[in-house]
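K.L.:
A predicted structure for the sequence below; I have some questions about it.
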Amino acid sequence: MSHVRRAIGTLIHRVYRRIGAAGAISPASPGGYDFGHLGQGVSIAFPPGAIFGERWIEIGDHTLIGERVSLSCGMGPGVDLGPSSILRIGGSCSIGRGSHIVAHQSIDIGEHVFTGPYVYITDQNHVYDDPEFPIGRQWPRNNPVSIGSGSWLGTGAIILPGTRIGRQCVVAGGAVVRGEFPDHSVIAGVPAKLVRSYNPELGWHAPGATALDRQSPLDRQATA
């Protein structure tokens, strides 16, 4: 019986791999979705997450989108969001499985951006201006988001409305990010803060560091 189980298991996995390959969304096989733009070599893995408002989604060449990634524009299907794209993902990116990118006004993700799994990026949040009215029923507020080329977002990072992350930045896993961060930043924590940055003189350094901090104790004695 063990050889029968192995044979059945092998068959199931072969069929599943073939279903995955056939179900992937690409420019040659868009799966009935009407994206604003799918670049050459784009692949959205099967099974996908929730995808709607795809007319306002642009994805650059050779970007890979993992399994169960949700890509959405607007509150729901069938809403007219205007003439221009709202969610733009650059070329040669990799978006980890289970991530959600939820756009209502403008989300820009540069080229060569990589994310771990279960990252959440949105440009909209509920407000709580009226302390007596249910928060979920108060009209939400939008604020554009941008993530610079070459950046890495760790597993479970949350990027909130109004966030602007520069080029070649690192966002630590689990960070909850809101605000503006320059190029070559390392961002971590809840709420997230700048924990390291880079310049040619200091290399990667903590905020407030000086050239003296990079010297060894002997070097410091020599310059004292």
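P.N.:
That came through fine. What you see is a predicted model, and the numbers here were worked out from it, not measured in a lab.
K.L.:
got the buried residues for the longest strand along the chain?
P.N.:
When the chain is parsed with DSSP state E, its longest strand is strand 192-199. Neighbour counts over strand 192-199 (16 or more other CB atoms under 10 Å) mark 192, 194, 196-198 as buried. No exception for glycine: its C-beta is placed from N, CA and C like everyone else's.
K.L.:
adjacent strands (with direction) for whichever helix or strand comes after that strand?
P.N.:
Using DSSP states H and E, the next helix or strand after strand 192-199 towards the C-terminus is strand 203-205. Strand 203-205 pairs in its sheet with strand 192-199 (antiparallel), by DSSP bridges.
K.L.:
tell me the mean pLDDT over the strand it pairs with?
P.N.:
Averaging pLDDT along strand 192-199 yields 94.
K.L.:
go on, stretch 121-130?
P.N.:
The model assigns stretch 121-130 a mean pLDDT of 94.
K.L.:
show me how far it is from its chain's centre.
P.N.:
19 Å (CA atoms, centre = their mean, to the nearest Å).
K.L.:
give me the below-cutoff pLDDT ranges for this protein.
P.N.:
1, 15-16, 19, 22, 210-224 (pLDDT under 70).
K.L.:
where does the nearest residue to P144 once chain neighbours are set aside fall, phi/psi-wise?
P.N.:
Using CB to CB, 6 or more residues apart in numbering and skipping residues adjacent in sequence, the residue nearest P144 is S106, 3.9 Å away. Torsion angles at S106 (phi, psi; degrees, to the nearest 10) stand at phi -170, psi 120.
K.L.:
for S106, what are its contacts?
P.N.:
Neighbour list for S106: 86, 123, 144-145 [criterion: CB atoms under 8 Å, 6 or more residues apart in numbering].
K.L.:
let's see that with 7 Å instead.
P.N.:
86, 123, 144 (CB atoms under 7 Å, 6 or more residues apart in numbering).
K.L.:
in strands, which of these appear?
P.N.:
Per DSSP E, these never map to strands.
K.L.:
in those residues, which residue is surrounded by the most others?
P.N.:
D123 (26 neighbours; other CB atoms under 10 Å).
K.L.:
wait, it touches R141, no?
P.N.:
No - contact between D123 and R141 fails when scored by CB atoms under 7 Å: they sit 9.7 Å apart.
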